[in-house]
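A.B. asks: Provide a 3D model corresponding to the input given below.
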Amino acid sequence: MGVFLQFAWLIPLFPLLGFAIITLTPVRVSKALSGWLAIGLMVAATVVALGVGAEVFQGVHVAPDGTAAVMAGDAHAEGEAPAAEGEGGEHGFAFPEANIVRTFRWAPAGGDAAFTMGYYSDPAVAAMLVMVTIASTCIHLFSLGYM
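C.D. replies: Model prediction:
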C-alpha cells in the first residue's frame, strides 16, 4: 500500500531516461529500436501513473516517515463545507489534503537558505498524471508508424 505514491518521482524520470539513452548512445541509429525504447519507457511511466491514480482515489495517504494508511473519509464528505478564514460564517474553498508530499534540498545556498524541490500528489494531480501519460503513450505509438 502506498508503493506507487512513493515512486511517483519515476514518472518524469522514465521519459527523461529515454531521451538520454536515445540521444547519447548509438541507439539513435536504429529508428525501430529507438522508437520502441521510447514507447516502452512511456508505458512504464503510464503504469506508475495509473498506480498513483488508483492509490490516490482509494484514499491512501503516505506520511513523511514513509508509512502509508488509508484514510476513512474526509470531514467534507459529510456535507459540511469548511469555513473560510477571516470572515467567520462564510464558506470558502479549501485545498484537499495531499496524499503525499516529498521535498528535498537540491541546491544549498549557504547558511539557512536553500532551494528545495519535491512533489505533491492529490486527486487533481493524480487525474492529470493519468491523462497526460496515457495521451503521451498514444502519441508515441501513433508517431512510430508515421515518422
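
A.B. asks: which one's the longest helix in this structure?
C.D. replies: Ordering each helix of the chain by length in residues (DSSP state H) puts helix 31-58 first.

A.B. asks: what helices or strands is that one leaning on?
C.D. replies: When contacts are defined as 3 or more CB pairs under 8 Å, 6 or more residues apart in numbering; DSSP states H and E, helix 31-58 sits against helix 3-6, helix 10-24, helix 123-146. For every residue, glycine as well, the C-beta is placed using N, CA and C.

A.B. asks: ok and the last one relative to helix 31-58, angle-wise?
C.D. replies: For helix 123-146 against helix 31-58, the angle between stretch directions is 160 degrees (axes from the mean of the first three to the mean of the last three CA atoms, to 10 degrees).

A.B. asks: if we can go back for a sec, please point out which parts of the longest helix of the chain sit buried.
C.D. replies: Across helix 31-58, burial judged by 16 or more other CB atoms under 10 Å covers 34-35, 37-39, 41-42, 44-53, 55-56.

A.B. asks: related to what we said a few turns ago, how about TSV for the helices and strands packed on helix 31-58, with mean pLDDT, mean neighbour count and distance to M71 added?
C.D. replies: Formatted as TSV, those follow (pLDDT from 0 to 100; neighbours: other CB atoms under 10 Å; distance: least, CB to CB, whole Å):
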stretch	mean pLDDT	mean neighbour count	distance to M71
helix 3-6	86	19	13
helix 10-24	95	15	23
helix 123-146	93	15	12
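
A.B. asks: Export these as a markdown table, with columns for distance to A63.
C.D. replies: Formatted as a markdown table, these follow (distance: least, CB to CB, whole Å):
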| stretch | distance to A63 |
| --- | --- |
| helix 3-6 | 11 |
| helix 10-24 | 20 |
| helix 123-146 | 18 |
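
A.B. asks: Ok, which of those helices comes nearest F115?
C.D. replies: helix 10-24 (18.0 Å; CB to CB).
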